[in-house]
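K.L.:
here is a sequence with its predicted model. Questions after.
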There are 2 protein chains.
Amino acid sequence: MKSFNPPIRTLMGPGPSDVHPRILSAMARPTIGHLDPAFVGMMDETKQGLQYAFKTENDLTMPVSAPGSAGMETCFANLVESGDKVVVCINGVFGMRMKENITRFGGEAVVVEDNWGEAVSVDKVEQTLKDNPDAKILAFVHAETSTGAQSDAKTLCKIAHENDCITIVDAVTSLGGSELRVDEWEIDAIYSGSQKCLSAMPGISPISIGDRAVKKITERKTPVTSWFLDLNLVMGYWGEGAKRTYHHTAPVNTLYGLHESLVMVSEEGIENSWDRHQKNHEELRGGLEAMGINFLVNKEDRLPQLNSVIIPDGVDDAAVRSTLLNDYNLEIGAGLGAYAGKVWRIGLMGYASRKENITLCLSALKQTLDK
Amino acid sequence: MKSFNPPIRTLMGPGPSDVHPRILSAMARPTIGHLDPAFVGMMDETKQGLQYAFKTENDLTMPVSAPGSAGMETCFANLVESGDKVVVCINGVFGMRMKENITRFGGEAVVVEDNWGEAVSVDKVEQTLKDNPDAKILAFVHAETSTGAQSDAKTLCKIAHENDCITIVDAVTSLGGSELRVDEWEIDAIYSGSQKCLSAMPGISPISIGDRAVKKITERKTPVTSWFLDLNLVMGYWGEGAKRTYHHTAPVNTLYGLHESLVMVSEEGIENSWDRHQKNHEELRGGLEAMGINFLVNKEDRLPQLNSVIIPDGVDDAAVRSTLLNDYNLEIGAGLGAYAGKVWRIGLMGYASRKENITLCLSALKQTLDK
């Protein structure tokens, strides 16, 4: 067994995206104790950095000590009680996973289905909420990583509240990459990932929980099944004026990395980060369209940070991705589900969203397709 | 918000322990995709490294992508079904947490209680198993991090099997630091942490699951509540001949660190690592006893890697720890529960278990107490 020295890739898939050298370097700083006063100060700053990125003043804003899937599970484990009716929108892999969460925690899932690659239909959601006046939660994916489609989170939250539902929103791919305003849009519970538009390493999941959701959690009749993800306990470690009660050992070095990525977001400005993702998307789009490559998602619903494009007829998906990886050290993503072999997912996320990556990707793809 | 540069500490508390510079450096290597062929090769090696450290050939040996608490929860979430009777041994904080897990997953906990600081009583366990012939699982902590007491895992597993129970064992603090033989002792499910005697950063939890436990998992009548921790799904990613089916995004850089720590374990030899921890414990013990400081735990039940010592009469616990931290950058651990303010926990774990640390700790403690 020998030390592992990874190849140097350019990561333009659906995530993880390229991690900025400043963040890699932060991860290598010496570990300190998770109850060290210096660490506690860094936790406070991390919380503030996340509040800035989420555009929220929610006190319960913090990173869950595990990947985005655990951030999702934190929201559902705490908010769904046995018997709760939850309207869940499925337009890709992560809506399906939401449904799986609801069912496992004893909830009743009412599904609103849309085609993969399309945004969630606001009209269908409105009708479903009207047909299910006993529904308590609306759950949907803001940025569907499996297809590159973006849904109208603002309107969906408005409709949910008009129908007395709180909202759980998946923002794994949107945070930092496209407009997201937790307080203004009145999102009640949201989770994201570190390894997409924040350009940090995978393994940690920022979440933010608003007052309506906190109320539902504190009024639970049954304990949260998961001890590790029980927000009633985690709040004692991360909450306002918390005594930093020992709950679990925080992933110290991973938090160094997340902290550094939030410093970088604050330096750039969150709106500037959204703009950069949009501009770079347009440049990539121009180049792809000039090569005759078309997008899966309608123009108005496209995520700038995740470009799903249709593989041209007669092109061998796996062979192209393999050539890009082996000859150019360039990773792009495969399609999922019905789109396996039919779609590529090209990410322009965080640090990976920059001009040199677009140039590399377009040129390498052109050379490979022209062979 | 500015970059965070932690103070440089010597970590001699209950964990995290000092992370070796080789491991910190591995964490900072460039992130690659979690489905990259190069990454998949590293996963295979990590699995082999864990099998070596655990002394097992269990195929289902892998790191859970979250801290030790989630490793614990993985074992209980998968093995405990609603209504299962579980005999659980409590002789410190982590036995209590086991009980909490059992209850949350719908199991019936039958508690065998021992004083904090003592080993689990083999006789009491045997009697309890006889009194509860319908019990399905025996759960106990091999190395109680809250007290520094070690229990006789080999005998406890033997008794469990004689009474048709499978075993869940907490080895968070023992793995790498004291004798542990998963296959020879017939441990059925075991979890550990990265941030103790493996000297890696916190945030990942090695587990190993044997055939009896796999059988119980595959024969479950109800799905595992947690999607994130469902081993039926995780096996598709980490299992033998697995297709590396996408389940969640692995914490790539944290795994680089764990891999490097396992390379270092294999270079030293696991038995040599146990010996080093024992020898260094004896040296620390000699120094402490010479200062008139006594141990909490009986000699035969002491963990070499975690030394719980009684704070001398009239000494201000918090003031001493604060002086050690601020003047010497040395962290030692406080007592927990009934031992808060009465005990210090001095860790000699992994990379922190070395002569210079012992010398620093003894000298700094002497200077502080003599003030």
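P.N.:
Yep, that arrived. Numbering: from 1, shown residues only, chains lettered A, B, ... in the order given.
K.L.:
residue contacts, the closest residue in space to A:Pro37 that isn't next to it in sequence?
P.N.:
In space, A:Pro37 comes closest to B:Leu325 once its chain neighbours are excluded; the distance is 8.0 Å by C-beta to C-beta, 6 or more residues apart in numbering or on different chains. Using the backbone N, CA and C atoms, a C-beta is placed for each residue, glycine as well. Contacts for B:Leu325 (C-beta atoms under 8 Å, 6 or more residues apart in numbering or on different chains) come out as A:Asp36, A:Pro37, B:Arg9, B:Glu331.
K.L.:
what's the answer for A:Tyr191, then?
P.N.:
Residues counted as contacts of A:Tyr191 (C-beta under 8 Å, 6+ apart) are A:64, A:68, A:71-72, A:74-75, A:169-172, A:205-207.
K.L.:
how about whichever strand or helix holds A:Asn280 and chain B, any contact?
P.N.:
Using DSSP states H and E, A:Asn280 maps to helix A:270-290. No: Helix A:270-290 lies out of reach of chain B by C-beta under 8 Å from any C-beta of the partner chain, never closer than 12.4 Å.
K.L.:
near chain B, which residues of the stretch 101-250 of chain A?
P.N.:
So far as C-beta under 8 Å from any C-beta goes, the stretch 101-250 of chain A lies against chain B at A:101, A:104-105, A:193, A:195, A:201-204, A:223-228, A:247-250.
K.L.:
show me the strands in the stretch 1-150 of chain A, by range?
P.N.:
Using DSSP state E, counting those that start in this stretch, the strands assigned to the stretch 1-150 of chain A run over residues A:10-12, A:60-64, A:85-90, A:108-113, A:137-141, A:143-144, A:149-150.
K.L.:
can you tell me the closest non-neighbouring residue to A:Ser82?
P.N.:
Going by C-beta to C-beta, 6+ apart, A:Ser82 has A:Gly106 as its nearest residue, at 3.3 Å.
K.L.:
actually A:Gly292, sorry about that
P.N.:
Closest residue in space to A:Gly292, ignoring its immediate chain neighbours: A:Pro312 at 6.8 Å, by C-beta to C-beta, 6+ apart.
K.L.:
what sits against that neighbour?
P.N.:
Contacts of A:Pro312 by C-beta under 8 Å, 6+ apart are A:Gly292, A:Ile293, A:Leu369.
K.L.:
quick one: which of these has the most company?
P.N.:
A:Ile293 (21 neighbours; other C-beta atoms under 10 Å in any protein chain shown).
K.L.:
just to revisit the earlier point, helices - which of the contacts of A:Pro312 land there?
P.N.:
A:Leu369 (DSSP state H).
K.L.:
rewinding a little: out of the strands of the stretch 1-150 of chain A, flag the one nearest A:Cys165.
P.N.:
strand A:137-141 (4.6 Å; C-beta to C-beta).
K.L.:
what comes up buried for the lowest-mean-pLDDT helix or strand in chain A?
P.N.:
One helix or strand of chain A scores below all others by mean pLDDT, DSSP states H and E: helix A:231-238, with a mean of 82. For helix A:231-238, the neighbour count (16 or more other C-beta atoms under 10 Å in any protein chain shown) marks A:Leu231, A:Leu233, A:Val234, A:Met235, A:Tyr237, A:Trp238 as buried.
K.L.:
so A:Thr368 is in contact with A:Asn326, correct?
P.N.:
No: when contacts are counted by C-beta atoms under 8 Å, A:Thr368 is not listed as touching A:Asn326 (10.6 Å).
K.L.:
give me the buried positions along the helix holding A:Asn280.
P.N.:
A:Ile270, A:Ser273, A:Trp274, A:Arg276, A:His277, A:Gln278, A:Asn280, A:His281, A:Leu284, A:Arg285, A:Gly287, A:Leu288.
K.L.:
after that helix comes which helix or strand?
P.N.:
Next element after helix A:270-290 (DSSP H and E): strand A:306-310.
K.L.:
which elements pack onto that following strand?
P.N.:
With contacts taken as 3 or more C-beta pairs under 8 Å, 6 or more residues apart in numbering or on different chains; DSSP states H and E, strand A:306-310 sits against helix A:270-290, strand A:343-347.
K.L.:
which residues are contacting the longest one?
P.N.:
I take that to be helix A:270-290. Counting by C-beta under 8 Å, 6+ apart, A:52-53, A:55, A:176-179, A:197, A:265, A:268, A:295, A:302, A:304-305, A:307, A:309, A:346, A:348-349, A:353-355, A:358, A:361-362 sit against helix A:270-290.
K.L.:
repeat that with 7 Å
P.N.:
A:52-53, A:176-179, A:197, A:265, A:304-305, A:307, A:309, A:346, A:348, A:353-354, A:358, A:362 (C-beta atoms under 7 Å, 6 or more residues apart in numbering or on different chains).
K.L.:
what about the nearest residue to A:Ala135 once chain neighbours are set aside, distance to chain B?
P.N.:
Spatial nearest neighbour of A:Ala135, excluding adjacent residues (C-beta to C-beta, 6+ apart): A:Lys85 at 4.5 Å. The spacing between A:Lys85 and chain B, counted by C-beta to the nearest C-beta, to the nearest Å, is 19 Å.
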